[in-house]
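Student: Sequence plus predicted model, see below.
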Amino acid sequence: MPRTGTTVSFGMTEILRLACGKAGGGGTLRGPPCWQTGGMSVTDQVAAAPAAGEPCVLLKLGEIVLKGRNRQQFERLLRGNIRAAMKDTGLPVELLHREGVVVLTVARGERTQAEHAQAVDRVAQRVSDVPGIVRVCRAARVPKTPEAAAAAAVLLTAGTTGPFAVRARRRDKRFPVTSAELAVLIGKQVQAAHGLPVNLKHPDTEVFVEVDQREVFVFTGGQPGQGGLPVGMSGRAVALMSGGIDSPVAAYRMMRRGLRCYFLHFSGMPLTGPESIYKAYALVRGLDRFQGGSRLFVVPFGKAQQALASSGADRLQVVAQRRLMLKTAALLARRVGGAALITGDSLGQVSSQTLPNITALDDAVSLPILRPLLGWDKTEIMAEARRIGTLSISELPDQDCCTLLTPRRVETRARIDDLRRIEGRLDAGQLAERLAGTAQEYRLD
């Protein structure tokens, strides 16, 4: 990413460290270190005892299974998104699609058992960021016999304490042992091996056994996936990306609803330095793990803000410049095939986000403006930003263009006719065309 000679209060190295560590790559990940049993990791178990079956990752689908005749389209797109995400791991991953679940396996090659288990863990961590999956389970794939399932359950519960329960399910009803019988058989084996008590209502550890068409999957727990719909199923949109807390969360929420997001950032340059561009790039890099192939467009907006101030916008300055941003974003959306715009507006959070002002913003463009955070308060937004790993980047200091030339008092009940008169003096349509023409694209490397 290009840099200028302007002195800044922090560097790209610091921001990318946060983007790759807290917001993405492999630093801190959501969930406890062992999200199977809360005790030994799967890698430790493999080192401590012979492996029972083949380690794999079992993915549970959510609302996709309710899509009726369109279900195949959703599943096909989800499989494509999973394969694209697996390229990041550099591992030879095989994808198997079964009724309501997806199974990921890794070719062992010359790896030891422990190394193979670590590779499967990497796959599980990466796929947990793919929208459309509600649960990611690190499972043992064993032959289709009660004995093999019981042996895997005994291994997975090694080192656990407290009561346990076995939850058995047959997707293949031809399996000669019923679900209840299988649960009892496996429970007795676990009790005999570890002496653990059984508590079906409030267990500390749950052992899940799923009998499929060709094999049995055994696992304990798992971690939540992103849920929602596969990215790309709902089309494309342009997300207005500031350096703040709200807009990254808004973009993420719409990715979960199947929208592929292109990002547009308005910098204050040449009136400010490049700090906000660094932050926007880092935020997009962190969000990219949810969709892949993200593109960031940056528009220098400082001179346009000066023109608005010179036109006598006064108390309407903030709303007028936001309308100009939306007009520019709509032109960019036409270029990339976007059918909507996304903003991080939250009703009443700041003076420019009152209902009359939001109505005035909607008047600026014909494209729909999606506001997924409209009913959220700041505490909720910050909690979500912390969960997805963008909060630490958003809190870094920068020179935000929205704070430039801000009047002492901001209009809270903007009138559309007044805003149109200001735009008429500037020929806002042509100004937006020029701004869209100056957009510089940054692709993630």
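Tutor: Okay, I see it.
Student: Low-confidence ranges, the stretch 301-445 of the chain, go.
Tutor: Scanning the stretch 301-445 of the chain for pLDDT under 70 picks out 399-405, 407, 445.
Student: switch to 80 and redo it
Tutor: For the stretch 301-445 of the chain, the stretches with pLDDT under 80 are 398-408, 445.
Student: Going along the chain, name the helices of it.
Tutor: Using DSSP state H, counting those that start in this stretch, the helices found in the stretch 301-445 of the chain span residues 302-310, 317-336, 355-362, 378-388, 391-394, 416-426, 428-437.
Student: The longest one: which residues count as buried?
Tutor: Buried residues in helix 317-336, defined by neighbour count with 16 or more other CB atoms under 10 Å: 317-333. For glycine as for every other residue, the C-beta is placed from the backbone atoms N, C-alpha and C.
Student: re the thing from before, nearest to L287, of the helices of the stretch 301-445 of the chain?
Tutor: For the helices of the stretch 301-445 of the chain, the distance to L287 is smallest for helix 378-388, at 7.7 Å, taking CB to CB.
Student: what does stretch 160-171 contact?
Tutor: Stretch 160-171 has contacts (CB atoms under 8 Å, 6 or more residues apart in numbering) with 37-39, 98-100, 153, 157, 178-180, 182-184, 186-187, 190, 194, 196-200, 202-213.
Student: Generate a ChimeraX selection restricted to the buried entries among those residues.
Tutor: The following ChimeraX line selects those of those that are buried, judged by 16+ other CB under 10 Å:
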select :37,38,39,98,153,157,179,182,183,186,187,190,196,203,204,205,207,208,209,210,211,212
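Student: Cross the contacts of stretch 160-171 against helices and list the overlap.
Tutor: Here DSSP state H is the test, and those give 153, 179-180, 182-184, 186-187, 190, 194 as lying in helices.
Student: got a markdown table for those, with distance to V249 too?
Tutor: Converted to a markdown table, the ones in helices among the contacts of stretch 160-171 look like this (distance: CB to CB, whole Å):
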| residue | distance to V249 |
| --- | --- |
| A153 | 40 |
| S179 | 41 |
| A180 | 44 |
| L182 | 43 |
| A183 | 41 |
| V184 | 46 |
| I186 | 42 |
| G187 | 43 |
| V190 | 42 |
| H194 | 43 |
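Student: is it possible to export those residues to JSON lines including pLDDT and distance to R285?
Tutor: Shown next, in JSON lines, are the ones in helices among the contacts of stretch 160-171 (pLDDT from 0 to 100; distance: CB to CB, whole Å):
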{"residue": "A153", "pLDDT": "96", "distance to R285": "41"}
{"residue": "S179", "pLDDT": "95", "distance to R285": "45"}
{"residue": "A180", "pLDDT": "96", "distance to R285": "49"}
{"residue": "L182", "pLDDT": "96", "distance to R285": "46"}
{"residue": "A183", "pLDDT": "96", "distance to R285": "45"}
{"residue": "V184", "pLDDT": "96", "distance to R285": "50"}
{"residue": "I186", "pLDDT": "96", "distance to R285": "44"}
{"residue": "G187", "pLDDT": "96", "distance to R285": "47"}
{"residue": "V190", "pLDDT": "96", "distance to R285": "44"}
{"residue": "H194", "pLDDT": "95", "distance to R285": "45"}
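Student: ok, so of the residues you listed, who is nearest A124?
Tutor: Using CB to CB, A153 is the member of the ones in helices among the contacts of stretch 160-171 that lies nearest A124, at 19.1 Å.
Student: Quick check, the closest one in contact with Q189.
Tutor: Yes. Under the criterion of CB atoms under 8 Å, A153 makes contact with Q189 at 6.7 Å.
Student: Which secondary structure state does G243 sit in?
Tutor: Going by DSSP: H, G, I helix; E, B strand; the rest coil, the secondary structure assigned to G243 is coil.
Student: For the stretch 1-150 of the chain, give me the ranges with low pLDDT.
Tutor: Flagging of the stretch 1-150 of the chain using pLDDT under 80 yields the residue ranges 1-52, 99-100.
Student: got the contact list for stretch 93-102?
Tutor: Taking CB under 8 Å, 6+ apart as the rule, stretch 93-102 contacts 58-61, 65, 75, 78-79, 82-83, 86, 103-107, 123, 133, 171, 210, 212-213.
Student: of those, buried ones?
Tutor: In those, the ones that pass as buried (16+ other CB under 10 Å) are 58-61, 75, 78, 82, 86, 103-106, 123, 133, 210, 212.
Student: Cross those against helices and list the overlap.
Tutor: Judged by DSSP H, helices contain the following of the buried ones among the contacts of stretch 93-102: 75, 78, 82, 86, 123.
Student: that older thread, closest to T112 out of the buried ones among the contacts of stretch 93-102?
Tutor: Relative to T112, the closest of these is V106; by CB to CB it sits at 13.1 Å.
Student: wait, doesn't the closest one sit right on V120?
Tutor: Yes. With contact defined as CB under 8 Å, V106 reaches V120; the gap is 5.4 Å.
Student: Mutual contacts of these two, please.
Tutor: Each of 55-56 lies in contact with both V106 and V120 under the rule CB under 8 Å, 6+ apart.
Student: just checking, L374 touches Q349?
Tutor: No. Between L374 and Q349 there is no contact under CB under 8 Å: 9.6 Å.
Student: on that earlier part again, for the helices of the stretch 301-445 of the chain, give me JSON lines that also has distance to P163.
Tutor: Output for the helices of the stretch 301-445 of the chain, formatted as JSON lines (distance: least, CB to CB, whole Å):
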{"stretch": "helix 302-310", "distance to P163": "63"}
{"stretch": "helix 317-336", "distance to P163": "54"}
{"stretch": "helix 355-362", "distance to P163": "52"}
{"stretch": "helix 378-388", "distance to P163": "30"}
{"stretch": "helix 391-394", "distance to P163": "37"}
{"stretch": "helix 416-426", "distance to P163": "64"}
{"stretch": "helix 428-437", "distance to P163": "62"}
